[in-house]
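Student: got a sequence here, can you model it:
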Amino acid sequence: MPCNVYRTVQHVGVSQKKIQSVVMATVHHLGSSKKDVSVHCVGEKKMRTMNRLFRGIDRPTDVLSFPSESMVPGYEIDDSGDIFLCSQYIERQAKRFDVPYKEEYYRMLIHGVLHLNGYDHEKPIHAKRMFSLQEDILAKVLNR
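Tutor: Below is the predicted model of the structure:
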């Protein structure tokens, strides 16, 4: 399963290999048939711009996910989509929640993969299901 990692910031704090490993573990746990995932490690300025353009919220955020959709009817694609992560935001969030940075980074990465696979947290019942699954996968990634 190809997992391409792109960086436009110097400090990510997580290796490319570990990012790929967490994505693969999540996809494997879900039994997803879609394979390719692109992970983009971006800064706050880029994340704020993307959040404003795509969600109408003029501030940075931790993670954004953009699922791929087939443009040709009847043509299946193996690409799950793109995940954008802001390490600066995640670092502050980890401090706020009093959890290690890497744990929060993995949590947000898993969160992004779940969104690519159709999970959302708009309704309370969906949020409960998604966050429970997210934490189950995180526990496996952290070997808990």
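Student: name the element Ser38 belongs to?
Tutor: Element membership of Ser38, judged by DSSP states H and E, is strand 36-42.
Student: just the mean pLDDT for that strand, thanks.
Tutor: Mean pLDDT, strand 36-42: 94.
Student: stretch 90-102 too?
Tutor: According to the model, stretch 90-102 has a mean pLDDT of 97.
Student: CA-only coordinates of that stretch in CSV, if you can.
Tutor: C-alpha atoms of stretch 90-102 as CSV (Å, rounded to 0.1, in the frame of the first residue of the first chain):
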residue,chain,number,x,y,z
ILE,A,90,-1.1,19.2,17.1
GLU,A,91,1.8,20.1,19.4
ARG,A,92,-0.3,22.8,21.2
GLN,A,93,-3.3,20.4,21.3
ALA,A,94,-1.2,17.6,22.9
LYS,A,95,-0.1,20.1,25.7
ARG,A,96,-3.7,21.2,26.2
PHE,A,97,-4.9,17.5,26.5
ASP,A,98,-1.7,16.6,28.5
VAL,A,99,-0.7,13.8,26.2
PRO,A,100,2.6,13.1,24.5
TYR,A,101,3.0,14.8,21.1
LYS,A,102,3.5,11.6,19.1
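Student: distance from it to the middle of the chain?
Tutor: Mean-position distance between stretch 90-102 and its chain equals 16 Å (C-alpha atoms, centre = their mean, to the nearest Å).
Student: in the helix or strand harbouring Ala139, what's buried?
Tutor: In the assignment (DSSP H and E), Ala139 maps to helix 124-141. Across helix 124-141, burial judged by 16 or more other C-beta atoms under 10 Å covers 130, 133-134, 137-138, 141. Every residue, glycine included, has its C-beta placed from N, CA and C.
Student: what does stretch 54-68 give?
Tutor: In stretch 54-68, counting by 16+ other C-beta under 10 Å, buried: 60-66, 68.
Student: CA atoms only: put that stretch into CSV for me.
Tutor: What follows is stretch 54-68, C-alpha atoms only, in CSV (Å, rounded to 0.1, in the frame of the first residue of the first chain):
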residue,chain,number,x,y,z
PHE,A,54,-12.8,24.3,2.2
ARG,A,55,-14.7,24.6,5.5
GLY,A,56,-15.3,28.3,5.8
ILE,A,57,-13.4,28.5,9.1
ASP,A,58,-10.7,31.1,9.2
ARG,A,59,-8.2,29.5,11.6
PRO,A,60,-5.8,26.6,11.5
THR,A,61,-6.8,23.1,12.6
ASP,A,62,-5.2,19.8,13.4
VAL,A,63,-6.2,17.6,10.5
LEU,A,64,-8.1,17.9,7.2
SER,A,65,-9.0,15.0,5.0
PHE,A,66,-10.0,15.0,1.3
PRO,A,67,-11.3,11.6,0.1
SER,A,68,-10.7,10.8,-3.6
